[in-house]
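Chemist: Structure of the sequence below:
(one chain, ligands or ions: 1)
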Amino acid sequence: MTAVITGSTKGIGASISEYFAKEGFDLVICSRNNKDLIAFKEKLESSYKITVHTLEVDLSKKEDILKLCSYINKLQSSIEVLVNNAGSYIPGGVLTEEEGALEFMINTNLYSAYHLTRGIVHKMSTTGKAYIFNICSIAGLQAYHNGGAYSISKFALNGFTKNLREELKEKNIRVSAVHPGATMSNSWADSGIAEDRIMEANDIAIAIWSAYSMSTQAVVEDIILRPQLGDL
Ligand SMILES: NC(=O)c1ccc[n+]([C@@H]2O[C@H](COP(=O)([O-])OP(=O)(O)OC[C@H]3O[C@@H](n4cnc5c(N)ncnc54)[C@H](OP(=O)(O)O)[C@@H]3O)[C@@H](O)[C@H]2O)c1
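Modeler: Modelled structure (predicted):
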């Protein structure tokens, strides 16, 4: 059993990777920093009896996404789980954010998931029980002040997820949209927000594992998670 998790070295991606590792999955992990990848691989392989494959890629670039697809397709292992997690967050308003903000976040937050999924879904369909999780956001469910390009990109990712679920029903590949609210990670590290005011990255991992563990007749279409005290 192998899980592919993008943006795996920090935050939510690192927690999901560790959760699947703990459950005995081999992993394919990627980020833009090879040193972080190797350090995380060594940590996981020394803690759990699994194999971790790593690839340094910038998923905002299509040629790197295709490189990752080809790397995964050449692996002997079957791929049961794909978590499209890598994403960039730059707050700003539609009328005030920097030129290029939308292109950048559409590339990283939407096209990475779109092209990677298209590139490896055939390999996943051979397992007969695969699962794809797209890490969307509550920012993709409702407009809010300074949402801008980030919010637009997450609405688009949600649209991609819905269409993908429809198309993959007959192939027995389950597809979930995961919509977290504020979750402790890099984005929040310097915010001054108390750690206990927002969710832990592991909370998202628990929710994903719980959906994955259900019978293959059941799909959790949307997972919406918020801090107990509400959005910030
Ligand atoms: N944290 C939240 O409050 C929150 C809420 C809702 C949704 N989300 C979503 O959850 C996902 C993870 O967020 P996070 O807060 O955990 O982020 P994070 O702590 O900043 O971690 C992002 C991970 O993705 C990698 N990454 C970023 N850009 C990449 C790129 N272009 N190519 C390859 N790897 C890349 C990073 O490694 P490198 O920098 O080394 O590449 C890192 O491993 C994102 O899609 C985000 O939009 C987060």
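Chemist: Tell me where the chain has strands.
Modeler: Using DSSP state E, the strands found in the chain span residues 2-6, 26-31, 52-56, 79-84, 131-135, 174-180, 222-225.
Chemist: Is it possible to get CSV of those strands that adds mean neighbour count and distance to Lys62?
Modeler: For every residue, glycine as well, the C-beta is placed using N, CA and C. Formatted as CSV, the strands of the chain follow (neighbours: other Cβ atoms under 10 Å; distance: least, Cβ to Cβ, whole Å):
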stretch, mean neighbour count, distance to Lys62
strand 2-6, 26, 14
strand 26-31, 25, 15
strand 52-56, 18, 15
strand 79-84, 25, 15
strand 131-135, 26, 18
strand 174-180, 24, 22
strand 222-225, 15, 28
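Chemist: These: which one's closest to Ala39?
Modeler: Comparison of those against Ala39 by Cβ to Cβ identifies strand 52-56 as nearest, at 10.1 Å.
Chemist: Next one: the closest residue to Asn172 other than its chain neighbours from the ligand, what distance?
Modeler: Excluding the flanking residues, the one nearest Asn172 by Cβ to Cβ, 6 or more residues apart in numbering is Gly128, at 5.4 Å. Gly128 sits 28 Å away from the ligand when distances are taken as Cβ to the nearest ligand atom, to the nearest Å.
Chemist: Could you do Gln142 as well?
Modeler: 13 Å.
Chemist: so which of the strands of the chain comes closest to Ser213?
Modeler: Between the strands of the chain, strand 131-135 lies closest to Ser213; by Cβ to Cβ that is 10.0 Å.
Chemist: Which other helices and strands does the closest one contact?
Modeler: Counting contacts by 3 or more Cβ pairs under 8 Å, 6 or more residues apart in numbering; DSSP states H and E, strand 131-135 packs against strand 79-84, helix 112-125, helix 148-168, strand 174-180, helix 201-213.
Chemist: bridging residues for the closest residue to Ser77 other than its chain neighbours?
Modeler: Spatial nearest neighbour of Ser77, chain neighbours left out: Thr2 (4.3 Å); criterion: Cβ to Cβ, 6+ apart. Here Thr2 sits in beta bridges with Asp26, Ile79, as judged by DSSP bridges.
Chemist: residue closest to the middle of the protein?
Modeler: Asn85 (1.5 Å; Cα atoms, centre = their mean).
Chemist: Let me see the contact set for that residue.
Modeler: Neighbouring residues of Asn85 by Cβ atoms under 8 Å, 6 or more residues apart in numbering: Ile5, Thr6, Gly7, Ser8, Ile12, Gly13, Ile16, Phe133, Ile135.
Chemist: Give me the distance between it and the ligand.
Modeler: Look at Asn85 and the ligand: by Cβ to the nearest ligand atom, they are 5 Å apart.
Chemist: Gly24 too?
Modeler: 22 Å.
Chemist: and that residue, what does it touch?
Modeler: Contacts of Gly24 (Cβ under 8 Å, 6+ apart): Met1, Tyr48, Lys49, Ile50.
Chemist: Can you tell me which of the residues you listed are buried?
Modeler: Met1, Tyr48, Ile50 (16 or more other Cβ atoms under 10 Å).
Chemist: outside of the helix or strand of the chain with the lowest mean pLDDT, which residues touch it?
Modeler: Least confident helix or strand of the chain, by mean pLDDT, DSSP states H and E, is helix 186-189 with a mean of 84. With contact meaning Cβ under 8 Å, 6+ apart, helix 186-189 is reached by Lys10, Gly11, Tyr89, Ala182, Ile198.
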